[in-house]
Each structure stands twice: as C-alpha cells, then as structure tokens.
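A.B. asks: Fold the following and give me the result.
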Amino acid sequence: MSKMISPISHTLPHSIEAEQSVLGGLMLDNTTFDQVIEVINDQDFFKYDHQVIFKAITHLNSQNQPFDVVTVSEALKSLKVASENILIYLADLARNTPSVANIVTYANVVKERAMKRSLIQIGQHLSQEASKADAESTKVLEQIDNTLFELSQQGNQRDFSDINSLLENIVGNIDHHFNEGNPITGVSTGLNDLDDITSGLQNSDLIIVGARPSMGKTSLGLQLVLAALQSILNEKNNKDKPSEKKHVLVFSLEMPADQLLMRCIAMLSGLDLQTIRSGQLNADDNGVNEFNLLAIAIDKLNQCGDILIIDDNAGLTTHMIRAKTKRAYRKYGKPVLILIDYLQLIAASGHKENRNTEVSAISRAGIKAGRNAQLHHAMRQHQEEQLALSFEGARS
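C.D. replies: Predicted coordinates:
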C-alpha cells in the first residue's frame, strides 16, 4: 500500500502504535466499534494505510457485516487499494494488539495526536494567509477563529445523560427553592408579570425581542440589564453566602455607550430622558428634588463599574462577539446576561447569499444571549408576508 506522506509529515505528532492497536482491537472485538467511532474518524489516523483500513471497517459495520482479518482484506481488495501483503499486515495488527479492553484509551491517543496536527496545520495556514500582500488581518483572524471553534467542538462530545443524576439535581433544586420561598429560579427580569410566567431568565436561554422601530426594544433590553445587575449586587451584599465573580455584557452596535448609560440613569431615577439630556432639572418639582434622584441613580451605576461591561463598536461579526465574550469571561467572571442590540447589525462573514441565510448563521453562532431584532415592512401591501419573514428570521 502506498503511504502518501508529505516530506514534513514525520515531524507531526502521531502514534503508529496507538493506531495499530485501535485497528487490531476492532478486528478482535467488533462490539467496540460504537465506542471508537464516537472518538475518532478515518481522518484522525496519521498513516494513510490506517485511514483506508478504518474506512473499510466502517463500511463493513454499516452493512452489518463482521470485520476481521479476512473480511477487511477482501473489502480492501474490492476497493482496489490493497497491496499483496495486506492479509499479513492485518494479521499482525490483530496479533500485536496489547489489549482490546484499552481500545478507547488508544482511540483517545489517536484523537489527541490528530488535534495537535490540526493545530499545527492551522498555524501554517495562518502564516500563509497573513503573508499575502492583499491579506486583511481582521478577515484572517475571523477565518482562523472559526476554524479553531469548529476544532474545539470535536472534543466536546458527551455521553448519554444519566436520568437518575438529573432527577436528583431536579429534586435538589425544587427543595432549595421551596425552602427559600422564592419563585424566581433564574435572574429576575424586574418585571413581576414576566417573572411569574418565566420564573426569571434561565441559564443558557436565548431570547430574541422582535418589534417595529421605536417600540422600546432597547428600553426592554436595558430593563433586563438593570435587573441582572441588581441580582449581582444583591449577591455581593449577602455576607452569608460567598459570591463568584459575575458581570453583565452589553454589545451595542447602534447606540454609543454614553447614551445607553443616560437611558439607564433615566430608568433608575424615573426622570424624563430629555430632562437629563438637557440638564434642566428642578430642585423642587412638586416636592421632589430631581437632583437627588439623579445623584442616587448615578451612585447606583457607579456601584456597577466592574460588573456592567459595554462594547459599543459598530460592525461586529459573530466571531468578534464570541472572542470578546470569552475575553470578558476571563477578565470579569461569569456573564449573567449578554445583551446584543441589535441582531440585524451583526455581520456574518461568509454568508452573503441573502439576509435569511445571514441571520440564520448569526443565530447559530453559539452565543447564549438576549438579542433585539428589528422588524420592518418593505411595502405596505405585503405587511403580513414581511412580518412572517422577519419573525422566521428571528426564530432561526
């Protein structure tokens, strides 16, 4: 069999012994295939011969055929990729396998080496792309970030859920909330009626707020932000219970950070936004000192200096948002809420066919957050169709 190995391949991480042990173990015990296929695929093998053998085993398994030294040899011959001594080589694989009991461990070694080779190849590709005269650094970074993200997902497969453990956790949570007497199981929205329906914002919820322009989407988003900030402050002030580092992250692609803060001040103080913006406050408005209300609201936001994180850069892509979210997590701790305002302003690289495709790519980008989505009509006579299309995009 031809090896088809490049001149630099000998320097790449690999374990021929582990690959041989996986293949030999599969031929000795066909029942281990389901465990192995959850860990590796044919491209994870370093040696081309081993890739072909694993493909043949996979094909036989899909046909519900046994795979041993003889059947795999015949399968390879039918594919016209076998050398004359293939039967001897397969017999050696089966005979020299240390232990079938350790086959998953061998598969993990093969996978680990394959991941390292992929990282080296990504680094080489990055060097080549960045060296091009017409290369744009942001596009190269986005491409590499996407590749790294996809690579990282390959090792994130989990086993089947343990029903007994899940039920034990559920009962524990029910008991905890019963003893606390608090019906809010997540982060309060600050809106009692909404909390009664949802029990608060739950972990990993993706919430999309869709409405026509100037209907209050940003105001609702900021209401959720302020409520999440209050929950963090309450935890900080609770001396009986140690609190972990948390924050609220806001991506404002349309409105500058200072305008967002001004809106927050208006919501906390109860003052009119235009009054705050113009500075026309009254020291005695029917017995209410507006300066005091303003000072209290600003003091409250000052307490949130290290837990309210705002990024008001326009033109962010999904890759940038993912990278910034990771950086914020490392620097400020766990995000209680991520608000993105708003969905249509996010640029999705590589999905230019139409807006629906682009919105779908954005929604599948792995960002767990609250997003605002602006609904609009292209023409009055197609209002219902346009609204349906916009909502469909929001659900993607």
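A.B. asks: Could you name the helices and strands sitting against the helix ranked longest in the chain?
C.D. replies: If each helix of the chain is counted by residues according to DSSP state H, the longest one is helix 103-131. Counting contacts by 3 or more Cβ pairs under 8 Å, 6 or more residues apart in numbering; DSSP states H and E, helix 103-131 packs against helix 16-28, helix 33-37, helix 137-153. Every residue, glycine included, has its C-beta placed from N, CA and C.
A.B. asks: so which of these gets nearest residue 56?
C.D. replies: Nearest of the helices and strands packed on helix 103-131 to residue 56, taken as Cβ to Cβ: helix 16-28 at 9.9 Å.
A.B. asks: Contacts for that closest one next, please.
C.D. replies: Contact with helix 16-28 is made by 32-33, 36, 40, 45-47, 50, 53-54, 57, 67-69, 72, 90, 93-100, 102-103, 106-107, 109-110, 113, as judged by Cβ atoms under 8 Å, 6 or more residues apart in numbering.
A.B. asks: among the helices and strands packed on helix 103-131, which is the most enclosed?
C.D. replies: Greatest average neighbour count among these goes to helix 16-28 (a mean of 23), per mean count of other Cβ atoms under 10 Å.
A.B. asks: Now do that one and helix 103-131, the angle between them.
C.D. replies: For helix 16-28 against helix 103-131, the angle between stretch directions is 130 degrees (axes from the mean of the first three to the mean of the last three Cα atoms, to 10 degrees).
A.B. asks: 687 is where my numbering starts, stick with that
C.D. replies: Renumbered: residue one is now 687, and that last one reads helix 702-714.
A.B. asks: What's the mean pLDDT across helix 702-714?
C.D. replies: Per-residue pLDDT values across helix 702-714 average out to 94.
A.B. asks: residues of stretch 962-978 that come out buried?
C.D. replies: If you call a residue buried by 16 or more other Cβ atoms under 10 Å, then stretch 962-978 has these buried ones: 962, 967, 976.
A.B. asks: whoops, stretch 976-987 was the one
C.D. replies: When burial is assessed from 16+ other Cβ under 10 Å, stretch 976-987 yields the following buried residues: 976, 979, 980, 983, 986.
A.B. asks: What is the lowest-pLDDT residue among the residues you listed?
C.D. replies: Lowest pLDDT of the buried residues of stretch 976-987: residue 976, 87.
A.B. asks: Pull up the gap between that residue and residue 965, please.
C.D. replies: For residue 976, the distance to residue 965 (Cβ to Cβ, to the nearest Å) stands at 11 Å.
A.B. asks: again, but for residue 825
C.D. replies: Distance, residue 825 to residue 965, by Cβ to Cβ: 44 Å.
A.B. asks: Likewise for residue 758?
C.D. replies: In terms of Cβ to Cβ, residue 758 sits 82 Å off from residue 965.
A.B. asks: swap in residue 999?
C.D. replies: Counting by Cβ to Cβ, the gap from residue 999 to residue 965 is 28 Å.
A.B. asks: again with residue 874
C.D. replies: Residue 874 sits 33 Å away from residue 965, going by Cβ to Cβ.
A.B. asks: Could I get the buried residue list for the helix or strand where residue 745 lies?
C.D. replies: Residue 745 belongs to helix 734-748 when elements are defined using DSSP states H and E. Neighbour-count burial for helix 734-748, with 16+ other Cβ under 10 Å as criterion, is recorded at 735, 736, 737, 738, 739, 740, 741, 742, 743, 744, 746, 747.
A.B. asks: Save the residues you listed as JSON lines, and put in pLDDT and distance to residue 936 too.
C.D. replies: Below are the buried residues of helix 734-748 laid out as JSON lines (pLDDT from 0 to 100; distance: Cβ to Cβ, whole Å):
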{"residue": "735", "pLDDT": "90", "distance to residue 936": "54"}
{"residue": "736", "pLDDT": "93", "distance to residue 936": "50"}
{"residue": "737", "pLDDT": "92", "distance to residue 936": "47"}
{"residue": "738", "pLDDT": "91", "distance to residue 936": "52"}
{"residue": "739", "pLDDT": "93", "distance to residue 936": "53"}
{"residue": "740", "pLDDT": "93", "distance to residue 936": "48"}
{"residue": "741", "pLDDT": "92", "distance to residue 936": "49"}
{"residue": "742", "pLDDT": "92", "distance to residue 936": "54"}
{"residue": "743", "pLDDT": "93", "distance to residue 936": "51"}
{"residue": "744", "pLDDT": "92", "distance to residue 936": "47"}
{"residue": "746", "pLDDT": "92", "distance to residue 936": "54"}
{"residue": "747", "pLDDT": "91", "distance to residue 936": "50"}
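A.B. asks: Is it possible to get CSV of these that adds distance to residue 898?
C.D. replies: Output for the buried residues of helix 734-748, formatted as CSV (distance: Cβ to Cβ, whole Å):
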residue, distance to residue 898
735, 62
736, 59
737, 55
738, 59
739, 60
740, 55
741, 54
742, 59
743, 58
744, 52
746, 59
747, 55
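A.B. asks: and the two most separated of those?
C.D. replies: For these, with distances taken as Cβ to Cβ, the pair at the greatest spread is 735 and 747 (19.0 Å).
A.B. asks: which SS class is residue 957?
C.D. replies: Look at residue 957: counting by DSSP: H, G, I helix; E, B strand; the rest coil, its state is coil.
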